[in-house]
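*Asks:* sequence? don't have it. structure:
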Ligand SMILES: O=P(O)(O)OC[C@H]1O[C@H](OP(=O)(O)OP(=O)(O)O)[C@H](O)[C@@H]1O
Ligand SMILES: O=c1cc[nH]c(=O)[nH]1
Ligand SMILES: [Mg+2]
């Protein structure tokens with residue numbers, strides 16, 4: 001993953017994202033679309049995984065066939081909204097190992113508050129994909145990646161749905177080695193730290209809270 005920021009321009013991703021942004025879209029539709037988009041984003045974020053070959057027997061003959069190299073991927077969901085991306089990704093990569101980083105943003109300070117951390121073993125030997133639909137100030141993702149690096153992760157990617165320029169800059173400064181894959185780079189943050197134009201609060205829209 002050479003570029004620090006990749007925006008996935010695929011027409012299906014963009015079409016589905018537009019429906020998710022609309023304020024009248026229901027919780028059920030929002031959740032379903034996030035699941036569908038996450039399949040397409042999972043395809044993109046895994047496009048450069050290391051490969052090897054193994055000898056297999058087809059019904060016709062023996063062949064040296066391509067297969068993924070190394071340990072199983074680790075998917076890390078940044079709770080709680082990260083679970084919306086995680087579900088779809090697991091459909092495409094069912095053998096992935098899964099970890100959780102529990103963080104919520106303090107609404108007054110916009111600083112992340114940690115409440116949970118559990119990740120797979122041998123993190124240092126895996127490609128680690130951290131998922132969270134929203135990259136706003138970047139405080140949550142920077143904190144989550146700090147924790148993952150402390151736990152040994154070396155090859156980390158960050159997958160989101162919407163990114164703000166402020167969050168991308170913060171991530172680049174704190175974790176220049178972590179590429180960001182997103183469906184859209186929006187304009188800015190508002191005074192409350194929400195992405196503009198954005199889609200509102202991803203966790204609330206996904207789970208029907210608030
Ligand atoms: O880049 P930041 O400014 O840190 O904002 C982004 C974070 O905010 C949202 O989570 P939230 O705190 O609302 O928690 P939730 O997932 O439990 O809803 C979102 O899912 C990110 O984790
Ligand atoms: O716009 C935003 C910013 C942070 N978290 C969200 O869910 N939405
Ligand atoms: Mg969160």
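*Replies:* Nice, thanks for sending it over. What you see is a predicted model, and the numbers here were worked out from it, not measured in a lab. Numbering: from 1, shown residues only. Ligands and ions are numbered 1, 2, ... in the order given.
*Asks:* what values do phi and psi take at residue 116?
*Replies:* Main-chain torsions, residue 116, degrees, to the nearest 10: phi -160, psi 150.
*Asks:* actually residue 11, not the one I typed
*Replies:* phi -60, psi -40.
*Asks:* and it, how close does it get to residue 40?
*Replies:* Going from residue 11 to residue 40 by C-beta to C-beta, to the nearest Å gives 10 Å. The C-beta positions use only the backbone N, C-alpha and C, and glycine is treated the same way.
*Asks:* cool, and residue 30?
*Replies:* Separation of residue 30 from residue 40 (C-beta to C-beta): 16 Å.
*Asks:* who's more crowded, the two?
*Replies:* residue 30 (23 against 17; other C-beta atoms under 10 Å).
*Asks:* how about the more buried one, what does it touch?
*Replies:* By C-beta atoms under 8 Å, 6 or more residues apart in numbering, residue 30 lies in contact with 20, 205-206.
*Asks:* quick check, nearest of those residues to ligand 1?
*Replies:* Closest to ligand 1 out of the contacts of residue 30 is residue 206 (8.2 Å), distances taken as C-beta to the nearest ligand atom.
*Asks:* after the helix or strand harbouring residue 16, which helix or strand is next?
*Replies:* Element membership for residue 16 (DSSP states H and E) is helix 11-21. Per DSSP H and E, the first helix or strand lying C-terminal to helix 11-21 is helix 27-45.
*Asks:* now that following helix: how far from the chain's centre is it?
*Replies:* Its chain's C-alpha centre and that of helix 27-45 lie 11 Å apart, by C-alpha atoms, centre = their mean, to the nearest Å.
*Asks:* quick one: low-confidence ranges for this protein?
*Replies:* By pLDDT under 70, the low-scoring segments of the chain are 1-2.
*Asks:* and it, which residues reach ligand 2?
*Replies:* With C-beta under 6 Å from any ligand atom as the criterion, the chain meets ligand 2 at residues 134, 136, 194-195, 198, 201-203.
*Asks:* buried ones from those residues, can you make that a PyMOL selection?
*Replies:* What follows is the PyMOL syntax for the buried subset of the residues of the chain next to ligand 2, where burial is set by 16 or more other C-beta atoms under 10 Å:
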select buried, resi 134+136+194+195+198+202+203
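*Asks:* now flag whichever of the residues of the chain next to ligand 2 is closest to ligand 1.
*Replies:* Nearest member of these to ligand 1, counting by C-beta to the nearest ligand atom, is residue 203, at 2.3 Å.
*Asks:* test my guess that that closest one contacts residue 77.
*Replies:* No: taking contacts as C-beta atoms under 8 Å, residue 203 lies outside contact range of residue 77: 11.8 Å.
*Asks:* before we move on, the earlier item: let's have the contacts of residue 30 in a markdown table, adding distance to ligand 1.
*Replies:* Shown next, in a markdown table, are the contacts of residue 30 (distance: C-beta to the nearest ligand atom, whole Å):
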| residue | distance to ligand 1 |
| --- | --- |
| 20 | 14 |
| 205 | 9 |
| 206 | 8 |
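*Asks:* and of those, the nearest to ligand 2?
*Replies:* Nearest member of those to ligand 2, counting by C-beta to the nearest ligand atom, is residue 205, at 7.9 Å.
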